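S.K.: got a structure for you, letters missing:
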């Protein structure tokens, strides 16, 4: 699912410092926030929307399509299960450092309720010119401009840099899809590719990957079946093996998930791989010139 | 968090899995004393890494004198980069058969997975690679847990006879321990069947999810220390991830993805990164601490600050860097490139207070930092 201006949004943890800062940013940008959750402040109003004890309570009065979580790691599981049971179609889970066993239980609840989870540990989704959900600088016009290139990224900061490089080259974005840096994410890069492949407003896609795991190899497999052009950048070429680079996902074990194998898989699938993010627009131009 | 054998085995025993009698020894004399109590024993190096046997870190001892000799040889060895500071003195077990069992977090199924092999021992990885059927994989639904039927299926066809029930029950206890300990990996290799038909865990490897630390307080103190340099340890104490890389261009960025990208760009333009250090996520207010750690690295000849703020506000990070810079007055050229949340305030701050113009393009900032480091 791609967030649109028409989608209704619930913010879990709306009254906290970050919840407040980013909800206000989302509202200012055009995101349709219809309610928030904080069990201790149920019945009050915050940033012009009602606050509920649970997502299930909110759903009864203010149905929503998307829920976004500003919830600390040890409380994330119950908040996520609440949102799934409330029937949210899309759950954007920003929280980093959720215990892995809890994440597994979240995915069970999502599957049982037909919820799409993005994250955990995602910076969120941006539909430039329409709305955003999460903690991305959507409102910075030097970074994001409406356009027709979709960006998929495991990392929010790298996604920001790549979007900036596209905007500097005059290429706006149809959507920024932050899939998250955790090892067990709800929507992986291949699934995000499928979503952007089906999107009429997207003409081409930039995939920003990282060393570790097999997300890029799986994405390459899907990309080989696509008509839309896909180009990529993979971070971590210079990272020493066996070291965790912050993202729990970015660890290379025994040569698996290393830079050369990811690059080879993508190139074999017809995906050109840039040496630096600033080289991405030129790779895209080549596709557009050929079309 | 990794747990050495001597720390992990009692945790298995807490869940009802049989382990041999053992004692920990830090000197050859302690090893001899333990052996005279335990009898014929195995002297085992305690380091948080595999392949101890192949490195000569595991030896059989028939008596206390032999245990003393082995301990004096093993203590002080380096295995997989780890200095051996202690040995475990463990009762010898009459082995009839060596098996392998583990529960791991499986990212493909987003749930727990049981791994079981009838070919346990030192070369199980090689055996599994040579013959995929050597390792049995059982996806476990986390809502229901490992069922007895699934565990029995995993060990089927091995002519286990009387010992099958014991083995199945050991696997169920292993899963229980995995859940209770928030394990990422809980592995028994070898899991042995003794000549008198007992099921015993002869070794144990345990990795506990760092993110679960808040609810695993009871066992955190038992974890093996991380292998850090002095600076890496100082950073870890402040909640920062810092890795020394040996190059000359220092890196300060936010977010793992951007930090790795910055390192890659430095190499692409002919330089070499001095470090990995990121202050993204909740760490974005720690720019000042981060900077003082970077400046301790005397190999660093220039510093590149690359902020692309999403959640991490670049104005907050820049404020931290600028005030630390003015306070510490380091004699190192510094280069900035700043975009994203709080960008205008951050750029103005760097210009006004340091008199430095941030680069608009990351590539230009990288080239300048590489050139400065080469001078």
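M.R.: Alright, I've got the coordinates. The structure presented is a predicted model; accordingly, all values stated were derived computationally and were not measured.

S.K.: Let's test this: name the helix or strand in chain B with the lowest mean pLDDT.
M.R.: The helix or strand of chain B with the poorest confidence is helix B:124-130; it has a mean of 76 (mean pLDDT, DSSP states H and E).

S.K.: List the contacts of the closest residue to chain B within the stretch 151-291 of chain A.
M.R.: Nearest to chain B, among the residues of the stretch 151-291 of chain A, is residue A:155, at 2.3 Å (Cβ to the nearest Cβ). (C-beta placed from N, C-alpha, C; glycine too.) Taking Cβ atoms under 8 Å, 6 or more residues apart in numbering or on different chains as the criterion, residue A:155 is in contact with A:123, A:178, A:181, A:208, A:210, A:235, A:247, B:255-258.

S.K.: Phi and psi next, for the nearest residue to it once chain neighbours are set aside.
M.R.: Ranked by Cβ to Cβ, 6 or more residues apart in numbering or on different chains and with sequence neighbours excluded, the top spatial neighbour of residue A:155 is residue B:257, at 2.3 Å. Per-residue torsions, residue B:257: phi -60, psi -50 (degrees, to the nearest 10).

S.K.: pretty sure residue B:257 contacts residue A:181?
M.R.: Yes. With contact defined as Cβ atoms under 8 Å, residue B:257 and residue A:181 form a contacting pair (7.1 Å).

S.K.: of these two, who's got more company?
M.R.: It is residue B:257, of residue B:257 and residue A:181, that has more neighbours when counted by other Cβ atoms under 10 Å in any protein chain shown, with 35 against 31.

S.K.: Can you check the pLDDT for the more buried one?
M.R.: pLDDT recorded at residue B:257 is 89.

S.K.: Next up, the contacts around it.
M.R.: Contacts of residue B:257 by Cβ under 8 Å, 6+ apart are A:153-159, A:181, A:208, A:210, A:235, A:247, A:250.

S.K.: just residue B:68 next, same as before
M.R.: Neighbouring residues of residue B:68 by Cβ under 8 Å, 6+ apart: B:28-29, B:31-32, B:35.

S.K.: how close does the residue nearest to it when sequence neighbours are not counted get to residue B:91?
M.R.: The shortest distance from residue B:68 to any non-neighbouring residue, by Cβ to Cβ, 6+ apart, is to residue B:32 (4.0 Å). Separation of residue B:32 from residue B:91 (Cβ to Cβ, to the nearest Å): 15 Å.

S.K.: Please apply the same query to residue B:31.
M.R.: 14 Å.

S.K.: who has more neighbours, these two?
M.R.: More crowded of residue B:31 and residue B:91, by other Cβ under 10 Å: residue B:31, with 30 against 17.

S.K.: pLDDT below threshold where in chain A?
M.R.: A:241-256, A:290-291 (pLDDT under 70).

S.K.: what about the residue nearest to residue B:68, helix or strand, and which?
M.R.: Taking DSSP states H and E as the criterion, residue B:32 maps to helix B:28-38.

S.K.: what packs against that helix?
M.R.: Packing contacts for helix B:28-38, counted by 3 or more Cβ pairs under 8 Å, 6 or more residues apart in numbering or on different chains; DSSP states H and E, involve strand B:22-25, strand B:41-45, helix B:64-74, strand B:87-91.

S.K.: Most tightly packed of the ones you listed?
M.R.: With neighbours taken as mean count of other Cβ atoms under 10 Å in any protein chain shown, the helices and strands packed on helix B:28-38 reach their highest mean count in strand B:41-45, at a mean of 27.

S.K.: contacts for it?
M.R.: Contacts for strand B:41-45 (Cβ under 8 Å, 6+ apart): B:5, B:31, B:34-35, B:52, B:55, B:57-61, B:67, B:70-71, B:74, B:77, B:79, B:84, B:87-92.

S.K.: Likewise for stretch B:227-241?
M.R.: Applying Cβ under 8 Å, 6+ apart, the set of residues contacting stretch B:227-241 from outside is A:244-246, B:81-82, B:226, B:242-244, B:276-279, B:283, B:286, B:289-290, B:293, B:296-297.

S.K.: in stretch A:131-151, what's buried?
M.R.: By neighbour count with 16 or more other Cβ atoms under 10 Å in any protein chain shown, stretch A:131-151 contains the buried residues A:131-138, A:140, A:143-145, A:147-151.

S.K.: Show the end-to-end separation of that stretch, please.
M.R.: The straight-line separation of the ends of stretch A:131-151 (Cα to Cα, to the nearest Å) is 15 Å.

S.K.: Right, and chain A sits closest to which residue of chain B?
M.R.: Ranking the residues of chain B by distance to chain A (Cβ to the nearest Cβ) places residue B:257 first, at 2.3 Å.

S.K.: how near is that residue to residue A:157?
M.R.: From residue B:257 to residue A:157 the distance is 6 Å (Cβ to Cβ).

S.K.: Residue A:224 too?
M.R.: Going from residue A:224 to residue A:157 by Cβ to Cβ gives 29 Å.

S.K.: cool, residue A:33 as well?
M.R.: 25 Å.

S.K.: that older thread, out of the contacts of stretch B:227-241, which are inside helices?
M.R.: Using DSSP state H, the subset of these located in helices is B:289-290, B:293.

S.K.: which residues touch the closest residue to residue A:1 other than its chain neighbours?
M.R.: Leaving aside its sequence neighbours, residue A:1 sits nearest to residue A:90 (Cβ to Cβ, 6+ apart; 4.8 Å). Taking Cβ under 8 Å, 6+ apart as the contact definition, residue A:90 lies against A:1, A:3, A:65-67, A:115-118.

S.K.: JSON lines for these, including neighbour count and secondary structure?
M.R.: What follows is the contacts of residue A:90, written out as JSON lines (neighbours: other Cβ atoms under 10 Å in any protein chain shown; DSSP: H, G, I helix; E, B strand; the rest coil):
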{"residue": "A:1", "neighbour count": "13", "secondary structure": "coil"}
{"residue": "A:3", "neighbour count": "27", "secondary structure": "coil"}
{"residue": "A:65", "neighbour count": "18", "secondary structure": "coil"}
{"residue": "A:66", "neighbour count": "27", "secondary structure": "strand"}
{"residue": "A:67", "neighbour count": "30", "secondary structure": "strand"}
{"residue": "A:115", "neighbour count": "23", "secondary structure": "coil"}
{"residue": "A:116", "neighbour count": "16", "secondary structure": "strand"}
{"residue": "A:117", "neighbour count": "27", "secondary structure": "strand"}
{"residue": "A:118", "neighbour count": "27", "secondary structure": "strand"}
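
S.K.: How is chain A divided into domains?
M.R.: A:9-118, A:140-289 (the TED database).

S.K.: Could you dump the ones you listed into TSV and include distance to residue B:175?
M.R.: Listed next are these as TSV, based on distance: least, Cβ to Cβ, whole Å:
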stretch	distance to residue B:175
domain A:9-118	12
domain A:140-289	18
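
S.K.: To residue B:169, which of those lies closest?
M.R.: domain A:9-118 (22.2 Å; Cβ to Cβ).

S.K.: got the end-to-end distance for that closest one?
M.R.: Domain A:9-118 end-to-end distance (Cα to Cα) = 14 Å.

S.K.: residue farthest from the centroid of chain A?
M.R.: Distance from the centre of chain A peaks at residue A:43, with 30.9 Å (Cα atoms, centre = their mean).

S.K.: sorry, back to before: and the residue of the stretch 151-291 of chain A closest to chain B, how far is that from residue A:121?
M.R.: When residue A:155 is compared with residue A:121 (using Cβ to Cβ), they lie 9 Å apart.

S.K.: Brilliant, that's me finished.
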